[in-house]
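Colleague: I need the structure of the sequence given here:
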Amino acid sequence: MTRFPLFASRLLLVAGLLLSGAAAAQIVPVNVAIAGDTATVAIGAPNAPLADLTINFDQASNLSAENLGISARLLSGPELGALTARLPGTVVQLTQPLPLLITVEPPVAGGLSFKKLVRVELHTHVLPYTAGSTLRLFKAPLGGAFRDITDEISPGSVRSRGTTDGFSQFLLVSDLRPTHTVVADKLSKLRELVDALPPQAGPLDGYLDTITAALAAGDFTAATVAVDSFRERVSAQAGTGIPQVWSAGDHAGNPAGALLAGAATLRFSIDYQRLYDP
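Modeller: Numbering: from 1, shown residues only. Below you'll find the model as predicted:
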């Protein structure tokens, strides 16, 4: 007898949860385990998890399940429509089989902090993987606009990976925008971040100019080399010319982490454009 595919059975589970909740979002249980600088989160019922979230920190302090402040819910009804308005255009769409919103909002009293970056991996069997997938990992501040932080999409069934300088909300979406538009948006965001740096950070605009010129010439190799050089320069300046610490309740930001994360997702999109959307 043929076994029912795992991802299809998970689809039925998600559909049942959404139908049972009518127009309300469904809170999904989360189970958090901590090992060193890594948090592993099982999302969904223990016997049929919907997704796994792995969060790996650079030099975390006060890391615990309570201090992460993680919650998850499946969206439906009015909340689904409201969240769609936070996405960059109608061609960026929630993955309807898994409209899962994950919130990571560490409580100020917990004192969680880290240096530079957090590496996030969202893994699910609900969605099948295909080469050249348009699935992307998006992030937003609470109530704010979502943006792409993806730096890898790989099989297993789907593993979406990204880096971030902070928190708080994550979504898996299908991004149907032309890749050159996505690349231009990410370059623009990096320029905004560079322009906001303190004077002692050192010049970084030249790398972005090189990336822009290389892309205009269709030289994807030169563009990625310049992105890597940008990342090396930021890493060298992190903690000296460029602040690099994120902490709960501190709104000063983590510019080194933001620049490194922005460069990582830019490189992903440049590589994707070269392979699938030149």
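
Colleague: what's the lengthiest strand in the chain packed up against?
Modeller: Using DSSP state E to define each element, the chain has its longest strand at strand 48-57. Packing contacts for strand 48-57, counted by 3 or more C-beta pairs under 8 Å, 6 or more residues apart in numbering; DSSP states H and E, involve helix 6-20, strand 38-45, strand 100-104, strand 118-124. Placement of C-beta: from N, CA and C, glycine included.

Colleague: Helix or strand next in line after the helix or strand of the chain at the bottom of the mean pLDDT ranking, which one?
Modeller: The helix or strand of the chain with the poorest confidence is helix 6-20; it has a mean of 47 (mean pLDDT, DSSP states H and E). Later in the chain than helix 6-20, the nearest helix or strand by DSSP states H and E is strand 26-28.

Colleague: Pairing partners for that next one, with directions?
Modeller: strand 70-74 (antiparallel) (DSSP bridges).

Colleague: How about the contacts made by residue 255?
Modeller: 165, 193, 196, 197, 201, 242, 243, 244 (C-beta atoms under 8 Å, 6 or more residues apart in numbering).

Colleague: ditto for residue 120
Modeller: By C-beta under 8 Å, 6+ apart, the contact list for residue 120 reads 53, 54, 55, 56, 137, 149, 161, 162, 163, 164, 170.

Colleague: which one of these sits closest to residue 180?
Modeller: Of all these, residue 149 has the smallest distance to residue 180: 18.7 Å, by C-beta to C-beta.

Colleague: how deep is that closest one tucked in, by neighbour count?
Modeller: Applying other C-beta atoms under 10 Å, we find 24 residues neighbouring residue 149.

Colleague: any idea which element the residue nearest to it when sequence neighbours are not counted lies in?
Modeller: What sits nearest to residue 149 in space, not counting adjacent residues and going by C-beta to C-beta, 6 or more residues apart in numbering, is residue 162, at 3.7 Å. For residue 162, the host element (DSSP H and E) is strand 158-164.

Colleague: by how many degrees do the next helix or strand after that strand and strand 158-164 diverge?
Modeller: As assigned by DSSP H and E, the chain's next helix or strand after strand 158-164 is strand 169-175. Orientation of strand 169-175 against strand 158-164 (axes from the mean of the first three to the mean of the last three C-alpha atoms, to 10 degrees) gives an angle of 120 degrees.

Colleague: after strand 169-175 comes which helix or strand?
Modeller: Using DSSP H and E, the helix or strand that follows strand 169-175 towards the C-terminus is helix 179-195.

Colleague: Low-confidence regions, this protein specifically.
Modeller: 1-25 (pLDDT under 70).

Colleague: Nearest residue to residue 166 in space, ignoring adjacent ones along the chain?
Modeller: Leaving aside its chain neighbours, residue 166 sits nearest to residue 246 (4.9 Å; criterion: C-beta to C-beta, 6+ apart).

Colleague: Correction: the previous question concerned residue 266.
Modeller: Nearest non-adjacent residue to residue 266, counting by C-beta to C-beta, 6+ apart: residue 186, 4.3 Å away.

Colleague: Next up, the contacts around the one you found.
Modeller: 148, 262, 265, 266, 269.

Colleague: burial measure for the first one, as a count.
Modeller: I take that to be residue 148. Look at residue 148: counted by other C-beta under 10 Å, it has 23 neighbours.

Colleague: cool, the third one as well?
Modeller: A total of 26 residues lie near residue 265 under the criterion other C-beta under 10 Å.

Colleague: chain center to stretch 43-56, what's the gap?
Modeller: 17 Å (C-alpha atoms, centre = their mean, to the nearest Å).

Colleague: Output that stretch as CSV, restricted to C-alpha atoms.
Modeller: Provided in CSV are the C-alpha atoms of stretch 43-56 (Å, rounded to 0.1, in the frame of the first residue of the first chain):
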residue,chain,number,x,y,z
ILE,A,43,6.4,24.5,16.4
GLY,A,44,3.1,22.6,16.5
ALA,A,45,1.9,19.5,18.3
PRO,A,46,4.6,17.1,19.5
ASN,A,47,3.2,14.2,17.4
ALA,A,48,2.9,16.3,14.2
PRO,A,49,5.1,19.4,14.2
LEU,A,50,4.4,22.0,11.5
ALA,A,51,7.9,23.5,11.5
ASP,A,52,11.2,23.7,13.3
LEU,A,53,12.9,27.0,14.0
THR,A,54,16.7,27.1,14.8
ILE,A,55,18.2,30.3,16.1
ASN,A,56,22.0,30.5,16.4
